[in-house]
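Trainee: coordinates only, no sequence provided:
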């Protein structure tokens, strides 16, 4: 038998399409470069990555003044300010939605070693507010990087806009964001209420997810962050900023909960996550991006379910296991 026939008699093992896609997507990351650098001509100069700086609350006093409310400092690098939509009464799938479940708005600021500041956020706005808010942001140089839904059929119609800004003057960025907020019905900041025990088996949820969640007295939330270093253009994002999976449970009584959240994925993880969610009876709402120039490229899926909270958490665990994430706090 000739060598050619010997080869035909033992054909090579077929590689799945998913494995091929995974290898292609990971190659630039494993090489330590982003997609743009990976495709550059030989000898092309690589863009230098700029890292975030550690800051203190005093660094953000002017930003807080422009935003009209104070925030908190996360992990020493990220100044985060929430803008809950307490003014809205929204019903989805027969459930009255609390702002903490899926009607939040938030913005985050990061200072960088090159003297610039980046801001990004996710803002819930009504259909009536949407175009006016976007016009105000565009007038002040605040970009929109995504526009989508977080909830299934809801009343009234709510949209979520992802925003992005970058410049040398953080108060100016905050002023631009505030111009959009002022065209919404967002109420002035109110003092936080006293935390209350939740009517949920939170220990069971923790065991099912393999992560320790947190409660604000209204909802129970578990967060997972990507293990990779994520870059937005030439800016290195602090761990946990703009690259997290968040699972939020709103108690409905008798161990049941409304589940809302999103899962962050690389391209080769998307189908495994979507299949895991559907096998668990969880509804898919959106599949989209939150950024425009991040590396590695990230996708997000928003989802929704109503049912036994621990059972839903077990279904979510399969989606978590299909992605390269780590809990922001462990059990």
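Mentor: Received the coordinates, thanks. Predicted model, so just to flag it, every value in this text is computed and none were measured.
Trainee: show me where the stretch 51-200 of the chain has strands.
Mentor: All strands of the stretch 51-200 of the chain, identified by DSSP state E, counting those that start in this stretch, fall at 72-74, 78-82, 90-92, 95-97, 106-111, 117-126, 143-148, 154-155, 158-167.
Trainee: turn the ones you listed into CSV, columns for mean pLDDT.
Mentor: Listed next are these as CSV, based on pLDDT from 0 to 100:
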stretch, mean pLDDT
strand 72-74, 96
strand 78-82, 97
strand 90-92, 97
strand 95-97, 97
strand 106-111, 97
strand 117-126, 97
strand 143-148, 97
strand 154-155, 93
strand 158-167, 97
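Trainee: out of these, which gets nearest to residue 310?
Mentor: Evaluated with CB to CB, the strands of the stretch 51-200 of the chain place strand 95-97 nearest to residue 310, the distance being 18.4 Å. Quick note: C-beta positions are derived from backbone N, CA and C, even for glycine.
Trainee: from the chain's centre, how far out does the closest one sit?
Mentor: In this view, strand 95-97 has its centroid 22 Å away from the chain centroid, taken as CA atoms, centre = their mean, to the nearest Å.
Trainee: got it, and stretch 307-319?
Mentor: For stretch 307-319, the separation from the chain centroid amounts to 19 Å (computed by CA atoms, centre = their mean).
Trainee: now that stretch: buried residues?
Mentor: In terms of neighbour count (16 or more other CB atoms under 10 Å), stretch 307-319 has its buried residues at 307, 309, 310, 311, 312, 313, 314, 315, 316, 317, 319.
Trainee: go on, stretch 227-238?
Mentor: 228, 230, 231, 232, 233, 234, 235, 236, 237, 238.
Trainee: same check, this time on stretch 90-107
Mentor: For stretch 90-107, a neighbour-count test (16+ other CB under 10 Å) marks 90, 92, 95, 97-105, 107 as buried.
Trainee: what's the answer for stretch 186-198, then?
Mentor: Buried-residue list, stretch 186-198, by 16+ other CB under 10 Å: 186, 189, 198.
Trainee: coming back round to it: which ones among the buried residues of stretch 307-319 lie within helices?
Mentor: Among these, DSSP state H puts 309, 310, 311, 312, 313, 314, 315, 316, 317, 319 in helices.
Trainee: just the pLDDT for the nearest residue to the fifth one once chain neighbours are set aside.
Mentor: In space, not counting the residues next to it along the chain, residue 313 is nearest to residue 208; the distance is 3.6 Å by CB to CB, 6 or more residues apart in numbering. Here the pLDDT value assigned to residue 208 is 98.
Trainee: whichever strand or helix holds residue 208 packs against which elements?
Mentor: Per DSSP states H and E, residue 208 falls inside helix 202-209. In terms of contacts (3 or more CB pairs under 8 Å, 6 or more residues apart in numbering; DSSP states H and E), helix 202-209 is packed against strand 220-226, helix 309-321.
Trainee: tell me the buried residues in it?
Mentor: For helix 202-209, burial by neighbour count (16+ other CB under 10 Å) applies to 202, 204, 205, 206, 208, 209.
Trainee: make CSV out of the residues you listed and add distance to residue 142.
Mentor: Shown next, in CSV, are those (distance: CB to CB, whole Å):
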residue, distance to residue 142
202, 37
204, 42
205, 36
206, 38
208, 39
209, 35
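Trainee: where does pLDDT dip in the protein?
Mentor: Across the chain, the ranges flagged by pLDDT under 70 are 1-46, 330-331.
Trainee: what comes up buried for stretch 78-86?
Mentor: Buried residues in stretch 78-86, counted by 16+ other CB under 10 Å: 78, 79, 80, 81, 83, 84, 85, 86.
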